[in-house]
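Asker: Just need the structure, nothing else, for what follows:
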Amino acid sequence: MEQEKRNPVSGRLRDFARDQRSLATRAEALFWSQVRAGRLSGHTFKRQVPITPSIVDFLCPAARLIVELNGEPHETAERRTRDATRDAWLRAQTFEIMRFTNDAFLGNPQRALDAVLAAVERRTISPPPNTDRIA
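Answerer: Predicted coordinates for the structure are as follows:
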């Protein structure tokens, strides 16, 4: 209940996030297989998480770290602008966003996972201010 007060999510957005979990790209499926159930040094991740007004690919709640794996649709100028606006809003909520293209992740998944782990560990040792905003 406390979660809903801080991040009210419509049923429609929650349903869409649930649907997205079953439509994972190859990169998303591989990333999830490497981080689910605490496989990344014991850190918890969630996938396709609604954070009103959008859905993030992966979230490590303890570190307030969002990982986005982007395919071709994110390469248009319009989508880049929309992503930048969304990222700015999420940063204002004390989230850190890491973006990888699907090709970059699939080309060297360990490099991306190492970068994610370093960010998680940095942010859990020195937690961001005002972490009571949106989870």
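Asker: my guess is residue 112 contacts residue 101, does it?
Answerer: No - using CB atoms under 8 Å, residue 112 makes no contact with residue 101, being 9.9 Å away. Placement of C-beta: from N, CA and C, glycine included.
Asker: Looking at the two, which one has more neighbours?
Answerer: residue 112 (22 against 17; other CB atoms under 10 Å).
Asker: okay, now residue 113: neighbour count?
Answerer: So residue 113, with other CB under 10 Å, has 19 neighbours.
Asker: what about it, helix or strand, and which?
Answerer: helix 109-125 (DSSP states H and E).
Asker: Can you show me the CA trace of that helix as PDB?
Answerer: Provided in PDB are the C-alpha atoms of helix 109-125 (Å, rounded to 0.1, in the frame of the first residue of the first chain):
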ATOM      1  CA  PRO A 109      27.300  -8.900 -21.900                       C
ATOM      2  CA  GLN A 110      30.000  -9.300 -19.200                       C
ATOM      3  CA  ARG A 111      31.300  -5.700 -19.800                       C
ATOM      4  CA  ALA A 112      27.800  -4.300 -19.400                       C
ATOM      5  CA  LEU A 113      27.100  -6.500 -16.300                       C
ATOM      6  CA  ASP A 114      30.400  -5.400 -14.800                       C
ATOM      7  CA  ALA A 115      29.400  -1.700 -15.300                       C
ATOM      8  CA  VAL A 116      25.900  -2.400 -13.800                       C
ATOM      9  CA  LEU A 117      27.400  -4.100 -10.800                       C
ATOM     10  CA  ALA A 118      29.900  -1.200 -10.200                       C
ATOM     11  CA  ALA A 119      27.000   1.300 -10.400                       C
ATOM     12  CA  VAL A 120      24.800  -0.800  -8.000                       C
ATOM     13  CA  GLU A 121      27.600  -1.200  -5.500                       C
ATOM     14  CA  ARG A 122      28.500   2.500  -5.700                       C
ATOM     15  CA  ARG A 123      24.900   3.500  -5.100                       C
ATOM     16  CA  THR A 124      24.200   1.100  -2.300                       C
ATOM     17  CA  ILE A 125      27.400   2.200  -0.400                       C
END
